[in-house]
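In: Predicted model, plus sequence, below.
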Amino acid sequence: MSDQSPDGDPPRLPPAYRLVALDSVGSTNDEARRLAAEGAEDGTLVWARAQSGGRGRRGRQWQSPRGNLYLSLILRPQCSLSEAAQLGFVAALGLGDAIGSVAPPLIEVTYKWPNDVLVNGSKAAGILLESQGAEGAACDWLVLGLGVNVASFPEDAEFAATSLRFEGCPPEVTEVALLEAFGKHFLTWVNRWLEEGFAPIRKGWCNHAQGLGEEIRVRLAREEFSGIFKDLDETGALILGQDGGGERRVTAGEVYFP
């Protein structure tokens, strides 16, 4: 392991990060979890050019060919596990700003609850949070995994997918360029979260939320239902308007658009 990229050119990252650069790995999240359990410091960032066993939420396979961005960041926030989960929204904002900084002006970045980033309405990135800590106690560590379709995307994904290249980003927008941009923009948002709490994160995310104010469908493990996506609450849960004027609070699930 080293702080050099696999091809010899180190990405330019702020000093807050400790880069662990790999050519290929089973899963950057698994590697980061191992390092976190061994005591790796806050800001350790595992980056790989390819993954042989990449995974997304609920254990789904994440196709991981070369040319896309795969990273997992170890964080040790001094907060509860439930508060640490807000870092998924922080990461989405950091990635959204990073894409905006390198992409052509007509590319639209939006956020799909709970932790996807869309480009022109199709999924370009997913965020996976895994943490350790006793329930009700402080978070010991959190691994924030990020997979971004830079050069290619899966054709058979459940939710329509895309890549930055397909949406018009020039060849110089590589996974390294996006890693560098994310490193800077994530720091901006995480520092704001630390200083001001979730309120500005919630506002920034909702300003670009896909489907806000519209009817959406939510799938749980044993139930599906529809409603109007009204808001996020102060914890990041989805607030869904129901027939008759009631509301339903959703803390986990899959969202689909008509």
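Out: Great, that's in hand. Being a predicted model, the structure only gives us computed values, none of them experimental.

In: Pass me the low-pLDDT residue ranges in the stretch 1-150 of the chain, would you?
Out: Counting by pLDDT under 70, the stretch 1-150 of the chain has low-confidence residues at 1-8, 54-63, 135-136.

In: residue ranges for the strands of the stretch 1-150 of the chain, please.
Out: 18-25, 44-51, 69-75, 109-112, 116-119, 122-132, 141-148 (DSSP state E, counting those that start in this stretch).

In: which one of the ones you listed lies closest to E234?
Out: Nearest of the strands of the stretch 1-150 of the chain to E234, taken as C-beta to C-beta: strand 109-112 at 17.3 Å. For glycine as for every other residue, the C-beta is placed from the backbone atoms N, C-alpha and C.

In: Against F257, how distant is K230?
Out: From K230 across to F257, the span is 15 Å (C-beta to C-beta, to the nearest Å).

In: With L73 instead?
Out: 29 Å.

In: Look up the closest residue to the most centrally placed residue in the chain, ignoring the ones flanking it.
Out: When C-alpha atoms, centre = their mean is applied to the chain, the residue found nearest the centroid is I127 (2.8 Å). Closest residue to I127 apart from its sequence neighbours, by C-beta to C-beta, 6 or more residues apart in numbering: N115 at 4.0 Å.

In: returning to that earlier point: didn't the residue nearest to the centre of the chain look like it was pressed against A91?
Out: Yes. Counting by C-beta atoms under 8 Å, I127 does reach A91; the two are 5.2 Å apart.

In: who touches both of the two?
Out: N115, L144, L146 (C-beta atoms under 8 Å, 6 or more residues apart in numbering).

In: between those residues, which is closest to L81?
Out: L144 (13.6 Å).

In: so how far is A36 from the residue nearest to the closest one when sequence neighbours are not counted?
Out: Of all residues not flanking L144 in the chain, L73 sits nearest, at 4.6 Å (C-beta to C-beta, 6+ apart). Relative to A36, L73 is positioned 10 Å away (C-beta to C-beta).

In: Now do the shared contacts for these two.
Out: Common neighbours of L73 and A36, using C-beta under 8 Å, 6+ apart, are T44, V143.

In: if we can go back for a sec, could you dump the shared contacts of I127 and A91 to TSV with neighbour count and distance to V25?
Out: Below are these laid out as TSV (neighbours: other C-beta atoms under 10 Å; distance: C-beta to C-beta, whole Å):
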residue	neighbour count	distance to V25
N115	23	21
L144	26	16
L146	27	14
